[in-house]
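>>> No letters, just coordinates:
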């Protein structure tokens, strides 16, 4: 048997490495309706930091169900770095909120404190970024009230891994009413999805493939898929999605009044929505 020569091995090893790297790439497959690579997104964010722009309206960042107060404020800080130093950006977390009513009251109170409004029916108009459950909180808080209470006035809502159609993990046994309300087919989600009203915000949904907590197929309102990207290798698909530079670059382009990367119609999820990244749970 002839053993491979040293020169043949030198040619073979790099080719194998390139195949392995491609298989573990955050850019394969590349979404045809969101063709932004991770490297290009990071470069775009560097350029934005060097050229800050003002916001059209205040921005409120809403955290997920188990955000202890790090994720939403951290994302809000990133948004502020890409705008002006005095940019009107706040964050709201919901770790200790017991139900969606408490979540709604908390975000409305926070917006009122930061940006007072004389309107007895609604807050000032804001753009919102909702991380996971935060996207559903924003939609719920934006709905008109039957009890005469005030609502959150949202023009545009950018959601990252939000369970618009329910969450896979919400089917597990629980006493948490927030999780019960995020089960597929819940009364709350049916009210949001089946009965559109004029006050509903424009929704811009984003997701990572391989999301085992919500499921990428559940992260957009009915009738369309979310703008998806491949997961970052060795990163949690859902839990780390709020840090994805591609989502932030596209959202910030829209907030800064610049042409966005993601286009309509959003491309369908590839195959079964699988991922080469790290699942959130075994």
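Structure received. Since this is a predicted model, take the numbers as computed values, not measurements. Residues are numbered from 1 along each chain as shown.
>>> okay, now the closest residue to residue 32 other than its chain neighbours: neighbour count?
Closest residue in space to residue 32, ignoring its immediate chain neighbours: residue 267 at 5.0 Å, by Cβ to Cβ, 6 or more residues apart in numbering. For the C-beta atoms, the positions are set from N, CA and C on the backbone; glycine is no exception. Residue 267 has 17 neighbouring residues, counting by other Cβ atoms under 10 Å.
>>> Please report the distance of residue 267 from residue 44.
20 Å (Cβ to Cβ, to the nearest Å).
>>> Let me know the helix or strand that residue 61 is in.
Secondary-structure assignment from DSSP states H and E places residue 61 in strand 59-62.
>>> ditto for residue 214
Going by DSSP H and E, residue 214 is not in any helix or strand.
>>> returning to that earlier point: and the contacts of the strand holding residue 61?
For strand 59-62, the surrounding residues in contact (Cβ atoms under 8 Å, 6 or more residues apart in numbering) are 72-73, 75-76, 79, 87-92, 94, 107, 110-111, 126-131, 133-135, 137-138, 255.
>>> Run through the residues that contact residue 145.
Contacts of residue 145 (Cβ under 8 Å, 6+ apart): residue 151.
>>> For it, give its distance to residue 58.
Taking Cβ to Cβ, one finds residue 145 at 21 Å from residue 58.
>>> Need phi/psi at the nearest residue to residue 44 once chain neighbours are set aside.
With sequence-adjacent residues excluded and distances taken as Cβ to Cβ, 6+ apart, residue 44 is closest to residue 249, at 4.5 Å. Main-chain dihedrals, residue 249, degrees, to the nearest 10: phi -60, psi -40.
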